[in-house]
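J.: Next input, structure requested:
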Amino acid sequence: MRFLQIIIFTFCFSGCTTIYQNAKMDDDDWAPSFPEEETKYNSNPGAIYNVASVQMIFEDKKALRVGDIITVVLKENTNASKNADTELKKDTSVNILPLPYNLFGNQTTIDPGIGIPSLNTNYTGSNSFKAETDTKQSNLLQGTITVTVQKVYSNGNLAIKGEKWISLNQGEEFIRVSGLIRPQDIDKDNQVVSTKVANARIYYGGTGVLAEVNEEGWLTRFFNSGWWPF
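T.: I've put the predicted structure just below:
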């Protein structure tokens, strides 16, 4: 019975850890945006100028409207390291001697053999804590992903969002990108480098057997979490 209680207790507290929510295809939050229906203009016979497709003579045709397609070139390379050494130590010593006079003002007589146990007290204590941490992390992500323009702001900046799914034998891999870009950072091929994307959100993960193998079980997560007291 006690063993069953321990298992239930462990299972309940393991639920307090972060739960990984698997991504799925055809998610409405990552659905592409489509351009609004163009306004029909009355054609002017013999006129060269077309209001529906205005473009400057000395400008490349770039994606500047909702629903336009932009290719994001992924060039992410990050390195981080952290070292921390902590050492705490505390020593305590208390020595209480017997009083020379009692509560009635008379001089206290002390037997050298036994003394006064209630007053003659010595206490010493020592606490120490030492911890060392060394953490290193590096990430490298290269590739391309094509996204769509979700919104055009009044200052000309574009909100982009998109995803790419690749089906493999043992599962699926996906890349998701969202953020803000400037029109001047888009080159002539309608490409923008990921380092030029503001407020970037780049997700890379997978689903299936390979992803499940790399994920810790609920009991292992409990022993490695802050709920484990030892």
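
J.: for the lengthiest strand in the chain, packing partners?
T.: Looking across the chain with DSSP state E, the single longest strand is strand 121-152. Here strand 121-152 touches strand 69-96, strand 158-168, strand 171-181, going by 3 or more CB pairs under 8 Å, 6 or more residues apart in numbering; DSSP states H and E. From N, CA and C alone the C-beta is placed, and that goes for glycine too.

J.: Show me where the protein dips below the pLDDT cut-off.
T.: Regions of the chain meeting the criterion pLDDT under 70 cover residues 1-22, 24-26, 28, 33-61, 63, 95-123, 208-218, 222-230.

J.: run the last query once more with 90
T.: For the chain, the stretches flagged by pLDDT under 90 are 1-67, 76-141, 165-174, 188, 204-230.

J.: What about the residue nearest to Ala131 when sequence neighbours are not counted, how many residues nearby?
T.: Using CB to CB, 6 or more residues apart in numbering and skipping the chain neighbours, the partner closest in space to Ala131 is Thr86 (4.7 Å). Neighbour count for Thr86, taken as other CB atoms under 10 Å: 9.

J.: got it, and Gly206?
T.: 19.

J.: I'd like the distance between Gln150 and Ile70.
T.: From Gln150 over to Ile70 the distance is 11 Å, taken as CB to CB, to the nearest Å.

J.: repeat for Gly143
T.: 15 Å.

J.: Arg182 too?
T.: Applying CB to CB to Arg182 and Ile70 gives a distance of 12 Å.

J.: any idea how far the residue lying closest to Gln137 once chain neighbours are set aside lies from Thr135?
T.: The shortest distance from Gln137 to any non-neighbouring residue, by CB to CB, 6+ apart, is to Ala80 (4.9 Å). As for Ala80, its distance to Thr135 is 8 Å (criterion: CB to CB).

J.: Kindly report the same for Asp189.
T.: 39 Å.

J.: So what touches stretch 190-208?
T.: Contacts with stretch 190-208, where a contact means CB atoms under 8 Å, 6 or more residues apart in numbering, come from 22-24, 62-63, 68-76, 141, 144, 157, 160, 168, 170-182, 185-186, 211.

J.: Which ChimeraX command selects the buried ones in those residues?
T.: Buried subset of the contacts of stretch 190-208, written as a ChimeraX selection, criterion 16 or more other CB atoms under 10 Å:
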select :23,62,63,68,70,71,72,73,74,160,172,173,174,175,176,177,178,179,180,181,186,211
